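Enquirer: pasting a predicted model and its sequence here:
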Amino acid sequence: MIEASAVICPLDAVRDSPNRRGAGLVDRYVRGNLISYRHMIPVMSMSTPPAEICVLSVTGGGGAVGDTLEDRFDRFTVATATSAAEGLDWLQAGAFDCVLSEYEMARTDGIGFLQAVRKIDTELPFILHTDSGSEKIASEAISAGVTDYVQTEGQDPPESEHWDRLADRITHAVSTQQTAADRSQQRLEQTLKTVPACIVQLGPDGEFTFANERATEVLGIDRSELIGRTYNGPNWAITDTAGNPIPDEELPFQQVRETGEPIEDVRHTITLPDGTEKVISVNGAPLEDDTGALRSVLFAITDITGRYERQQTLERQNDVSKKAQAVADVGAWEYDVAADSLHWSEQVYEIHDIDQGADVQLADAIEFYHPEDRVTIQEALTAVIEAGEPYETEARLITAEGAERWVRTSADPQTENGSVARLRGTIQDITASKTREQQLQRQRDRYQSLFETPADHLGEDFSAAAEYVA
């Protein structure tokens, strides 16, 4: 805060000053039912006019305006820039309550300067001060979004009444803006209290300073007891989802404090006072003052225990399914009819001797089949897509490495709005069993020939019969 005794607004003082227009810097984003605030700086109550106002005066040359304001009114501290470029440098370096700009300047005018200021700050009060105004200039200024427009009414130098009027306009503009910011802050605080997500705020030392009503349910502790506790207290028993302790520097609060950057969906477990273990998802953002110093960290915390347990169960089931498919040489595939996209499981790639993840279209998959079996597969696919007729058949395919394999393949239609939307099927490598079956059939044929062979040839075929019986 700039001290009331200050008579100038030097750059260092501006840099060290907290922003009294803080609510205007709130940057809010919503992800599902989570709310995080990247920048939030408290504002002062504006039930009474501000006791001190820091003004940036931008002129075409000289500092008479700023000097006069400071000489006549104790509440003003004025920094003077003698060009638009210098004025922008001042704005980017520090915090001001109001910009007072002349209309006539070198290389630009007051309206052009206003447009440049709005790229830096959309809410900063901006008063255009001119001694050569016109209705056209006033109209352009209003259209450009100027807060107020003040003329000297041709008086050179301006009379005392003019300076009184200018001082009143500046004070009114700042008071109005800060009152609006105060209301915005109140709405923000009400939102934090009632939003259906656990919202907590931690100070720079890691102690809880705020918790909304939802926090009691998620964290299992009354809000009054939570305030003053630290994020890394031993009672939380924080671990990663595998049950391993997490180093302090990797916990969400320390990540935000050290990097100054928001975090999203950092997951870990906590233990509640009643012994219940929960898995939580943490989103957080730093709340900084104008100097970039950390004021606090705001977190949105979601209890994802149920979701995490369901996900773990599904992953275990998928793992078991993959292992079963690997043992049985069975792969799964899915074809999206509308998108004309084909998805293979790992085992399907292995059956075809193709690298995992390679892009394979349906036409490519059909080409892998033996020329004598390709028509059968094509007709089966056409029937299931057009008529919804499932199929299961055996066919030969030639792998990418040239090996011939027998497979058993099937497809079931999945319908949406009365038409087939996708196919889900399996493919199994049955080469080994098919080979044994063919060998057995050949032996059976040779045994059968014993009954059709003349007696003098019986000895030649006896060995085959013995082999078959064995």
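Expert: Noted; the coordinates are in hand.

Enquirer: contacts and neighbour counts: CA atoms only from here.
Expert: OK.

Enquirer: helices of the stretch 351-470 of the chain, start to end?
Expert: Secondary structure of the stretch 351-470 of the chain by DSSP state H, counting those that start in this stretch: the helices cover 362-367, 371-387, 431-448, 458-469.

Enquirer: swap that for the stretch 1-150 of the chain, sorry
Expert: Going by DSSP H, counting those that start in this stretch, the stretch 1-150 of the chain shows helices at 11-16, 64-72, 84-93, 110-120, 135-144.

Enquirer: quick check: mean pLDDT of stretch 94-104?
Expert: For stretch 94-104, mean pLDDT is 86.

Enquirer: how about it as PDB, C-alpha atoms only?
Expert: Output in PDB follows, covering the C-alpha atoms of stretch 94-104 (Å, rounded to 0.1, in the frame of the first residue of the first chain):
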ATOM      1  CA  GLY A  94       3.100  -0.900 -11.600                       C
ATOM      2  CA  ALA A  95      -0.400  -0.400 -10.300                       C
ATOM      3  CA  PHE A  96      -2.400   2.800 -10.700                       C
ATOM      4  CA  ASP A  97      -5.900   3.700  -9.700                       C
ATOM      5  CA  CYS A  98      -6.600   6.000 -12.700                       C
ATOM      6  CA  VAL A  99      -5.000   7.200 -16.000                       C
ATOM      7  CA  LEU A 100      -5.400  10.900 -16.800                       C
ATOM      8  CA  SER A 101      -4.400  11.500 -20.400                       C
ATOM      9  CA  GLU A 102      -4.200  14.500 -22.700                       C
ATOM     10  CA  TYR A 103      -5.700  14.200 -26.100                       C
ATOM     11  CA  GLU A 104      -2.900  15.700 -28.100                       C
END
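
Enquirer: make 22 the first number, not 1, from now on.
Expert: Taking 22 as the first residue, the last one we looked at is stretch 115-125.

Enquirer: run the chain-centre distance for it.
Expert: Averaging C-alpha positions (Cα atoms, centre = their mean, to the nearest Å) puts stretch 115-125 36 Å from its chain's average.

Enquirer: try stretch 429-445
Expert: Computed by Cα atoms, centre = their mean, the chain-centroid distance of stretch 429-445 equals 35 Å.

Enquirer: next one: stretch 357-375
Expert: Taking mean C-alpha positions (Cα atoms, centre = their mean), stretch 357-375 and its chain are 31 Å apart.

Enquirer: what sits up against that stretch?
Expert: With Cα atoms under 8 Å, 6 or more residues apart in numbering as the test, stretch 357-375 has contacts from 346-347, 350-356, 376-378, 381-383, 389, 406, 419-422, 441-444, 448, 450.

Enquirer: same question for stretch 443-458.
Expert: Residues outside stretch 443-458 that contact it (Cα under 8 Å, 6+ apart): 349-359, 369, 372, 406, 426-436.

Enquirer: give me the low-pLDDT residue ranges for this protein?
Expert: Residues of the chain that meet the criterion pLDDT under 70 lie in 22-71, 153-154, 173-179, 201-217, 311, 340-349, 471-491.

Enquirer: okay, stretch 318-329 in PDB with CA atoms only?
Expert: Extracted C-alpha coordinates of stretch 318-329, given in PDB (Å, rounded to 0.1, in the frame of the first residue of the first chain):
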ATOM      1  CA  VAL A 318      -3.100 -21.100  -3.100                       C
ATOM      2  CA  LEU A 319      -6.700 -22.000  -4.000                       C
ATOM      3  CA  PHE A 320      -7.600 -25.700  -4.500                       C
ATOM      4  CA  ALA A 321     -10.600 -27.500  -5.800                       C
ATOM      5  CA  ILE A 322     -10.700 -31.000  -4.400                       C
ATOM      6  CA  THR A 323     -12.900 -33.800  -5.700                       C
ATOM      7  CA  ASP A 324     -13.500 -37.200  -4.000                       C
ATOM      8  CA  ILE A 325     -12.900 -39.700  -6.800                       C
ATOM      9  CA  THR A 326     -12.700 -42.800  -4.600                       C
ATOM     10  CA  GLY A 327     -15.700 -44.600  -6.200                       C
ATOM     11  CA  ARG A 328     -14.500 -43.700  -9.700                       C
ATOM     12  CA  TYR A 329     -11.000 -44.800  -9.000                       C
END
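
Enquirer: in it, what's buried?
Expert: 318-325, 329 (16 or more other Cα atoms under 10 Å).

Enquirer: quick check: which of the helices of the stretch 372-491 of the chain is buried the most?
Expert: Of all the helices of the stretch 372-491 of the chain, helix 392-408 carries the top mean neighbour count, a mean of 15, counting by mean count of other Cα atoms under 10 Å.
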